[in-house]
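Visitor: Pasting a predicted model and its sequence here:
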Amino acid sequence: MKYYKILPLSFLLISFISGCATTRTNAEKQGWKLSLQSYTFHRFSLVEAIDKTNELGVQYIEVFPHQKLGGNLGDDKFNYSLDPEKRKAILTYAKSKNVKIVSTGVMRAKKDEWEKVFDFAKDMGMEYISAEPEPDDWDLVEELAIKNKIKVAVHNHPSESSYWNPDILLGSIQHRVNSIGACLDVGHYKRMGVEPLPAIKKLKGRIVSIHMKDILAREDGSKYDDVVWGNGELGVREILEELKRQNFKGYFTIEYEASWNNNIPEIEKSIEYFNKISDIIL
């Protein structure tokens, strides 16, 4: 006769809950992580941005420089001048909301500021810095990236004075360490007449993160507006398929630049679309 051990109900409940907590989406299994660029909530404080990130079920955030801290953290702004106690308080609050600060940006700094920027990023436990270094600063930035073991993700603002074209970026970084790569903004590429998909193909192996969005031209052609992912002109599914082909692993940073006072509903739909397509293609 076999004897079976009867486990207490509390153990079974804990096991069930633990099993649910470890359930991951196909995107997460692929190494794709959704994060929030806090500029999405720039009309709010950092504390509120972290609250909203938690509300969306997103676990990672990229904080834009000089966002007001807010709440019990006061009116100081997020940057390398924050004292150690304020830095610790920010990390404690984010952790209480199950949110990790993985990066800051987009950083533009003077040559004598870069060391302070990297020290700050290291102290805050960041993985990378989203930045647009001046051409003359590259040797220093590379040295600091190696020293601090922090990646540099170069952003492309829609301006001809920036790294708006992937060829310009590659001309600056292709001979440098692989921890220096792209934080490519698919919407800004389109705004500058650069098709995102060929740009992504060109930057294969150098993509650290993506400022993810979808955009749609106005009827008069005057400008592009952010829309729910899958409803615009960028071909989000094709972008995801190409990144799968490249075996990309990294951050899809949500930067929703519309409906500033309440863009949570659009972001929720965008996340749903991201997970739906990821479940199909992965």
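Guide: Received the coordinates, thanks. Small disclaimer: the values here were computed from a predicted structure and weren't measured.

Visitor: How many neighbouring residues does His175 have?
Guide: If you count neighbours by other CB atoms under 10 Å, His175 ends up with 9. Using the backbone N, CA and C atoms, a C-beta is placed for each residue, glycine as well.

Visitor: before we move on, what about Val236?
Guide: Around Val236 there are 22 residues (other CB under 10 Å).

Visitor: likewise the one 4 residues further on?
Guide: Neighbouring residues of Leu240 were enumerated by other CB under 10 Å; the total is 24.

Visitor: Am I right that it is in a helix?
Guide: Yes - the assignment for Leu240 by DSSP: H, G, I helix; E, B strand; the rest coil puts it in a helix.

Visitor: Not counting sequence-adjacent ones, nearest residue to it?
Guide: Of all residues not flanking Leu240 in the chain, Ile277 sits nearest, at 5.6 Å (CB to CB, 6 or more residues apart in numbering).

Visitor: Go ahead and name everything in contact with whichever strand or helix holds Lys276.
Guide: Taking DSSP states H and E as the criterion, Lys276 maps to helix 264-281. By CB atoms under 8 Å, 6 or more residues apart in numbering, the residues outside helix 264-281 that reach it are 25-27, 30, 32, 34, 40, 52, 55-58, 212, 214, 226-230, 236-237, 240-241, 244, 252, 254, 256, 258-259.

Visitor: Out of those, which end up buried?
Guide: By neighbour count, with 16 or more other CB atoms under 10 Å, those hold 27, 30, 32, 34, 40, 52, 56, 58, 212, 214, 226-230, 236-237, 240-241, 252, 254, 256 as buried.

Visitor: Can you tell me the element the nearest residue to Lys77 once chain neighbours are set aside falls in?
Guide: Among residues not flanking Lys77 along the chain, His66 sits closest, at 4.5 Å (CB to CB, 6+ apart). For His66, there is no host helix or strand (DSSP H and E).

Visitor: how about His66, what does it touch?
Guide: Neighbours of His66 in contact, by CB under 8 Å, 6+ apart: Lys77, Phe78, Asn79.

Visitor: Mind checking which of those are buried?
Guide: Phe78, Asn79.

Visitor: didn't Val99 look like it was pressed against Val47?
Guide: No - in this structure, Val99 is not within contact of Val47 by CB atoms under 8 Å, at 10.9 Å.
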